[in-house]
Structure formats: C-alpha cells, structure tokens
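Novice: predicted model follows, preceded by the sequence.
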Amino acid sequence: MLESVQDCIGLALLYACLFRDLRERHGRLILSEAEYYPNGLFNSRDRTCVGRLVHYTKPNSLFAELYEAPEGHVKRIFLLGVERGTAPHYNRGDVSASILFVRSSAGSGKTHHLALRYIRLLLETGGDSSTIVAITFTNKAAREMRERLLEIMKSIVLDLPFCGMDPLDMVGCRSKAEREKAKRVVERSLERIFRDYWSFNVGTIDSLVNLILQASMFRLDLPHDSEIAEDTSSLRGYVLDSLIQGIVDDEGIRAIFDTFLERYLEIEGENPSWYPRRILGDILSLLWEEEWKENKPFAMKQGKDPARLRARIMEVMEALEKAFEGSPSVRLGKVALSAIKSRNFRSNCFTKGLEECLLKGSASLDQRMVMLWRKLTEELSCYYRALSESKFWPYLEVYKLFKETFFREVNQGRRTIGIEQLNSLLQRIIGSDGFIPEVYYSLSSRYLHFLVDEFQDTNHLQWKNIEVLVEEALDSGGTLFLVGDPKQAIYRFRGGRAELMEEVLEKFRSLGPAEHVLTTNYRSLENIVNFNNVIFSRANLEYLIGEIPGERISGERLLKFYGSSYQLSRLPGGYVRCEMLKDEESCMERLKEILPSIRGYFADGDIAILVRKNSEVRKIVRMLLEMGIRVDSDVTIHVFHNPLVREIIHFLRFLERPDDRLSLIGFLLGDIFGRWTGMERDEILDWLMQNGSGESRDICARLEQDFQEIWPSRFEELKRGTAVLSAYDLIVLFLKVWNIFEMFPEDVSFLLHLLEMAKGMADKGDNSLRAFLRLSEGGGREEIFLLKTKGIEDAVTVMTIHKAKGLEFPCVIVPFARLERPNQRRGRDASRLVVPSRDELRLLYTPKEYRECCPELKEMYKRREEEALFEDLNVLYVAFTRAKRSLYVFLPEGRGNAFARYVFGLKEFSSSRKAEVIEIGRQEAPGPRIEREVADLPAIAAIDVAKGIK
C-alpha cells in the first residue's frame, strides 16, 4: 500500500517512463479520463466527484497528486502525469499602466497574455464587453481568440480549470470576496454576449476599419447604394480588358500603350515575357497595391530632364579633356582617357577617385582637374537619378489611364468602391470635428480598451484609421495593449511594418507605457528551442550577413530586432535534423524517402510541411497524393492526381476497350484489387509475371480461374453494364460492387468530385463512357478537374509559411530552407524600386550601372535589400518555431543559398554534424499514434493505491 508522498513520486516516475507522451488535457499530460478541478477530481463522463485533493507534489516536470475519495469509492485515488509548464499569470504590476507593450518571441504565450488582459479589463469594467476591442490579424485567429475567451469565462463561472490552472488565480483574484465578485461579473458578461453577440468585439483590424467606414459613409459623400468590394482583383481585370479594347478604338490610348511596350522591351532586353495581358495585369496590380498600401499616389510629374543633364555632362567632359591636354605631365590611364574623349560616361572609371585613374609616374593633379572630376561625378549622379525615374514614365502613364478608367467604370458606373480606396478616403475625414462622436453614435457603443495581437503585421494605414479612436480612449481613461514580435513580421507586402510598434511606443512615451518581454517558450521542446537560439542569435547573424553575396549591407535593422531572440525552454527532449542537399529536386526526393519513417513516429494529422510559395505547395501535394498519403491543404489539386481515382480510370478504360492490357494491369497493381484479394503488391507482381505476358483476354481467363470469388460480381457484372449504362451509372455501380466508400473513406471527397464530373456530362446529354474517358485525358476546362483538400481529417498539412503563422504542429518539415539575395529571386523585378517620400511614391529603375554612379540610388537599393533580407529571415524563423517535438530542415545548396553554408558552418553544431547532416536529440517513440491508443484506454489514473502495487 502506498501511503507516502515518496511512494507516489516513485509511481509517477515509473508511469512517466512508460508513457512519456500522454494525452494533453488542460495543460497537463494526464494518463486518465478523469479531469482535475480546484475542488477535486471528477469523472469526465458524468462529472461526479471522486476525490478531494489532499496532497500535491511536483518533482521537476512530473506531478503526483493524492486524493481522498468520498464514501462509497476507493480509499485513495492517485493521479500522475507530466506538466507542460505553468501557464503565465497576469502581472498585477501591469494593471496600472494605461499602455502596455508585450514583446514576445514565438511560442511564449502572447495570445494567452492578451486573453488574460481581456478578462482583467472585463472585471474592471463590471462586465461591459462592448467597451473592449480585441484585434487579431486573421479571421482564423479571431475565431480562436473568441473561443479562448469564452472558454475562460465559462471556466470562471463553473469553477473549472483553464490550462490546468485556476483562471481567477491567473488574473489576480485570490481572496474569496474577489473571486465571488469576479464570478458574478463574468456571468453577467456571458449573458450579455449570448443576448447580443455584436457586443463581443473580437475580430480582425479589417473588420474594425469596415465598421468605422460604415459608420462614416455619410461623411465620405458616397452614393447611398454604393457597394464595398473587399477584393478588387476581378474589377481590375474588368478595367484592364476595357483598356485593351480601347487600344483598337482610341488613337490616344494606343499611343500610350505603344510607348509603354517600347519601354518594356527596352528594359526587359532580349528575352521578355510575352503575354501582353498578363504583363499589363501584373504591373498595374503592383502599382495599385503599392499606392494603396502606402496611402500615397505615384508622382506623375516628371523630374529633371535627363537630356539636359546629359548635355551638361558632355560640357564637363569636354572641359576635363582640355584640362588634361593642357597638362601633358598629368598622365591619365588609358581607360579613363578613352572614356573622356569618346564621351562614354557609362565607363566604371567614373565611380573611382581621379587619383586612382592616374598612371604611375604621373605629375600631381591641379585643383581645376579635381574640381572638374568632382563636378562630373555629381552630374553623373544627378543624371542617373533622373534617368532611373524617367524609365518608368510610360508605365505610370498607363497606370494613370487605368485609374481614370477604374473611377469612371467601377466607382461611378457600377457604384462600387474598393476597400483599399475606402481606407484612403477615411484618412481625409478621420481628423475632422465631430468625427469620433458620430462614429460612436452610429455604432451605438464607445470603445475604451484596445488589445491588438500580431501588431508587427498591422498595416500602417489601418492603424492610422483606428489611432484616433485609441487616442480618444486614452484621453478618457482607457487602455492600449499591444502584443507583437518583429521577428515574425512577414507581411510587409501587405503594408506591415515591424517599426510601427517602436513608433507607437515613442509617440505615447509621455504616458509612461509599460513594457513586458516574454522569454519562455511553452511550445517547443528543449532541443528545438536551443537550435533556434543558435540559428537566430545576433552574433551568428552578423556572420550570416557578411556571407550573403552581392553588395554589402549593414543589417543594422535586422540585428536590432534579433538582439532579444534567446528563449528559455520548459520541457526537455525534442529532435532536430538538418540535411544539406544538392538542389530543390534533391530535397523533393529526400522528402519522399524520409516521410515513411516520420509517419512511423507521428500521425499524419500531426505532420506539417511548410514552404514559401503556392507553387511549392501544389508540387508537394501532388507528390503526397501519388504516394497515397492524405493531404490537408488550401490549394486546389487535380482530381486525377489521386491514386484511387487513377485506379478507377484504369478499370473504366479496360471496360471501354477490353484489349487494353496496360490499363487492366494498372488496376490490378492498385490498392483496390490488393485489398479485396489480401495480396501484397509483390505477390500481385509475381502473379502477373506468370500470367500477364499474354493478351488481355488471357489475363482475364486466369483472373476468372484464380479469383472465382470476385470475378463474377466485380468484373463480369461491370463488363455487362458497359453496354447499357451511362458513365455516371457505371461509376456508381463500380463504387458499390467494390465497396469503395467503406474501404477508402479518406478518399470520399475525390470520389464525389469524380461523380460530379460524370453527372455534369450526363446533364449536358453526353452519357457515353468514351466521352468521359476523353475528359479524363484533359479534354475540358482546367477548373472542372480541381478540388480543394482543406479540412480532410488525419491528413498531412501542406501550407505556406505565411498561412502557418500562429499555428503549431508536433512535427514540422521545411523542405526548401533558403536565404538568398533578394534580386536572385525577383529576376526582372529586381531593378524595379518603389520609394516613398513624404507625400508621394517614386518608381525607380535601379540596375547596377545606375547604382554605381549614383550613391543615392545605391543607398535606396541597399535599404530595400536589407528589408527583404529581414523579411526572408523572419519567414524562416516563423517556420522553424512552429515545431513542438520534431523539426526537419532540408537546405538546397543551389542558387546561392547562403543559409545552407551558414547553418553547417556554425561551430555550435560541430558535435552534432556528420558530413552533410546535423542531428540534435533523438526521435523518441511512442509518438502521437501511441497517444491516441493511451487516450482510448479505460480510466487508469483513478486507482486504488493499495491494490495498484503490492
């Protein structure tokens, strides 16, 4: 019998060794179907109390609890498990601050802190949720935040734990009086939310700005029946088609487009992309998005005339030539002298100092030569600056025409306003007298407390649109709570700016904002945390910046934000594997090789493959489907990429052409025939080697002889149906006789899509099997073959890193981890630079020869390169920090991937590196597959200790 705490700890250690990874429940990994509450242990099935806590101990990360059972139950009840780590508590020291900035690295519980802050504000306002606004970045995050807040509130009212702890204790309510009052307040608030869900202001910043816009429509002087288009891409396509039509009908429009095409060909060189509509669409979309993102128009007026500057350069070069002719003892180098005489100011000699161009033994330069050379370099700088701007004037002329057409045909003709246009319009009225009272009057509420998550990705314009409400709230005694991490700023292309948090902090400095830094990682196991600490340490990143080829950049901005990247870990263990491979094709092959091993440790639903581009998502999704692995992804995939569908098509081809031997063999080698016969693929291959060399009819004869139990009903019946049934009915019969839905439930979505395709053809009067098979060979519009795989259960997740933001997975695979010079990826867009000034945007052309002669262009280009490098590094940081237990990273060496050389050159990994593999920790079994088995066991935590061990 176990009566002592030491005995309990010993038993806890024993079970913890046997079941290292137990089912996660309320923040603890518990080997039980009973649940822990502050006042005792309850049965999860009927909520009856089975014990009162009499002792709790926690040696290291283990916990052991002793319960005293009520009458009628076993004498002692024992609960054991492994703690994930104490959830963060609400910091009472932060309560008094009207402005609180929380800086948090990945997995540090920032969303948890925001939720606790919300609950605390709810208690302070007497339960009035209508005065509190919680803002997140995505709709998914907003939905999760609402669920989390409602769960906490429910836990408070019902006296249940949240994350394995007392929620009232987490928000600082410890006395009995405080707790009772808090329960009443939260209960009232819940009742109000259930009555009026609109008072529960938890959403995206887009949704809040839209509310403000709707409340301000009368001030914007828009038609009362105007529609708001949240996505203007189709409208922009409509306007572009209208413009292209105008080329035929209007000589003025044609002249503008002719000039644009001439300049496009000049800039693109000998190998331009020649899809005219796509070219125009991409360029106009880029300019449109940049303009509305920055809330500044492109400068349509021309700057300095390059022709005039060129004439001035010629004059200076002529004067310089005469100066050298008058001083023969000053001997200029051959290249420089030739450039001056030929007036070739594109020579790179003008990027050097004059002294560097002199020959040995030359006489000293006189003052006039030095002054003329300096003037020449200054004029060249001005010339290339003006030339870089003038290069894109034809582009901006087309864009100006595009905007005028959009206003005329969409804004006026269709009475439709793009959401990006409204954001800009709102800026014009937001500071006007009476704006705030009118908005609150229209909304029937007043906001006093603002909580913003993922602030580093907040669009600058959107923040400006709510900033006036924040300022008014602070003046009225309200609060502002910002949570962000500049290292996770990966939405710069949408207008997100990591510096925005610093700017807001500086603006409200006089109000004494409090800052809180979260340094503990509650998500990842120790080896993963330590790996990321090494990769993203400031000292190592300084080395990385120097290793990236191309123009030297300072990396000051990057290093500033990564100066506080170090994190503490809560739990030991974890596995990291990095492999350096030749190229991306090698990474794909390696992914295909290693997936079966990974799936031995993790359920498919616990594995995520994260990549940068949608094209990479599609490539991997197709590969997984070919491997017979279920996939959960946002991208659409071709229905005929599914292996089971391909087997069905093989069989249908055989039915349509009984002499098609290859189609019959293709079906026999598939999963359907193998499942029904119980034969492995190798056994079927052996059978085919003996019987499959003849004609199709010979194979059928052997099938009928060797598989008598399935031939009549599953081959012969379908062959007879070919003559009388439509393609749709034949597929339905096939699915029925082979019992496909029951045997392959994971492929139901693909099978239904196949049926929909056949039904669509039948509705059009084309019922024949031959017509359907022609369709399966690609004889139709691409969209009819496409199917979304999102929402498939227990499937491998494949998504872009941007969409994985805020998510976590037990196992993460990053198959293409690369960090390149930005111009290596952008190709022809590398020399296109958008530069914001105070009131407008400039579109500049910045090839290397321009930058070499113009320090201003060079500095702007380097600044853009540094921003792009910062964002690319952030993308890798987000990817690597999604992993909870295991992280696999493949680094392709090709295309100048400096990141591969960086990782394998770090001395911290020298002991873990073997050839081109870095392995940290070990992959431990049992994995989550065992967790589900444990979870399905009968309750074994509530045991009679006296009978448990003898």
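Specialist: That came through, no problem.

Novice: what about the residue nearest to Gln214 when sequence neighbours are not counted, how many residues nearby?
Specialist: Nearest residue to Gln214, sequence neighbours excluded (CB to CB, 6 or more residues apart in numbering): Ser442, at 7.5 Å. Any C-beta I mention is one placed from the backbone N, CA and C, and that applies to glycine too. When neighbours are counted by other CB atoms under 10 Å, Ser442 registers 15.

Novice: repeat for Leu559
Specialist: Other residues near Leu559 come to 15 when the count uses other CB under 10 Å.

Novice: also the one 5 residues further on?
Specialist: For Ser564, the count of nearby residues is 15 (other CB under 10 Å).

Novice: just to check, it is in contact with Glu515?
Specialist: No - contact criterion CB atoms under 8 Å: Ser564 and Glu515 do not qualify, at 11.3 Å.

Novice: tell me, what's touching those two both at once?
Specialist: Both Ser564 and Glu515 are in contact with Arg103, where contact means CB atoms under 8 Å, 6 or more residues apart in numbering.

Novice: the host helix or strand of the residue nearest to Gln214 - contacts with which helices or strands?
Specialist: Assigned by DSSP states H and E, Ser442 belongs to helix 435-443. Applying 3 or more CB pairs under 8 Å, 6 or more residues apart in numbering; DSSP states H and E, one finds that helix 435-443 makes contact with helix 205-215, helix 460-475.

Novice: the longest one packs against which elements?
Specialist: I take that to be helix 460-475. helix 205-215, helix 276-294, helix 419-429, helix 435-443, strand 449-452, strand 479-484, helix 500-507.

Novice: which SS state does Ala363 fall under?
Specialist: Assigned with DSSP: H, G, I helix; E, B strand; the rest coil, Ala363 falls in the coil class.

Novice: circling back to that earlier point, present the helices and strands packed on helix 460-475 as a markdown table; the columns should include distance to Ser693.
Specialist: As requested, those are arranged in a markdown table below (distance: least, CB to CB, whole Å):
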| stretch | distance to Ser693 |
| --- | --- |
| helix 205-215 | 65 |
| helix 276-294 | 51 |
| helix 419-429 | 66 |
| helix 435-443 | 79 |
| strand 449-452 | 71 |
| strand 479-484 | 68 |
| helix 500-507 | 71 |
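
Novice: what about Trp676, neighbour count?
Specialist: Counted with other CB under 10 Å, residues neighbouring Trp676 total 15.

Novice: err, Thr232, not the other one
Specialist: Residues near Thr232, counting by other CB under 10 Å: 22.

Novice: one more: Arg277?
Specialist: A count of nearby residues for Arg277, using other CB under 10 Å, gives 11.

Novice: my guess is it meets Ile247, correct?
Specialist: No - taking contacts as CB under 8 Å, Arg277 lies outside contact range of Ile247: 11.4 Å.

Novice: find the centremost residue of the protein, please.
Specialist: Note on the chain: the residue nearest the mean C-alpha position is His802, at 1.1 Å, using CA atoms, centre = their mean.

Novice: not counting sequence-adjacent ones, nearest residue to that residue?
Specialist: Among residues not flanking His802 along the chain, Ile490 sits closest, at 5.9 Å (CB to CB, 6+ apart).

Novice: count the residues that sit near the one you found.
Specialist: Counted with other CB under 10 Å, Ile490 comes out at 24.

Novice: please apply the same query to Leu581.
Specialist: Using other CB under 10 Å, Leu581 is surrounded by 21 other residues.

Novice: nearest residue to it other than its sequence neighbours?
Specialist: Distance criterion CB to CB, 6+ apart; nearest residue to Leu581, sequence neighbours excluded, is Cys587 at 5.2 Å.

Novice: ok, now Arg219?
Specialist: With sequence-adjacent residues excluded and distances taken as CB to CB, 6+ apart, Arg219 is closest to Ile429, at 4.9 Å.

Novice: got a list of what the one you found touches?
Specialist: Going by CB under 8 Å, 6+ apart, Ile429 touches Ser216, Arg219, Leu220, Phe435.

Novice: out of those, who's the most crowded?
Specialist: When neighbours are counted by other CB under 10 Å, Ser216 leads these with 21 neighbours.

Novice: so it touches Gln427, yeah?
Specialist: No - judged on CB under 8 Å, Ser216 makes no contact with Gln427 at a distance of 11.1 Å.

Novice: which residues are common contacts for those two?
Specialist: Common neighbours of Ser216 and Gln427 (CB under 8 Å, 6+ apart) do not exist.

Novice: give the other helices and strands that the one helix or strand Leu662 maps to contacts.
Specialist: Here Leu662, judged by DSSP H and E, is contained in helix 661-668. Helix 661-668 sits against helix 643-656, helix 681-691, helix 696-706, with contacts defined as 3+ CB pairs under 8 Å, 6+ apart.

Novice: now the ones you listed as JSON lines including mean pLDDT and distance to Val209?
Specialist: Listed next are the helices and strands packed on helix 661-668 as JSON lines, based on pLDDT from 0 to 100; distance: least, CB to CB, whole Å:
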{"stretch": "helix 643-656", "mean pLDDT": "90", "distance to Val209": "44"}
{"stretch": "helix 681-691", "mean pLDDT": "87", "distance to Val209": "57"}
{"stretch": "helix 696-706", "mean pLDDT": "86", "distance to Val209": "66"}
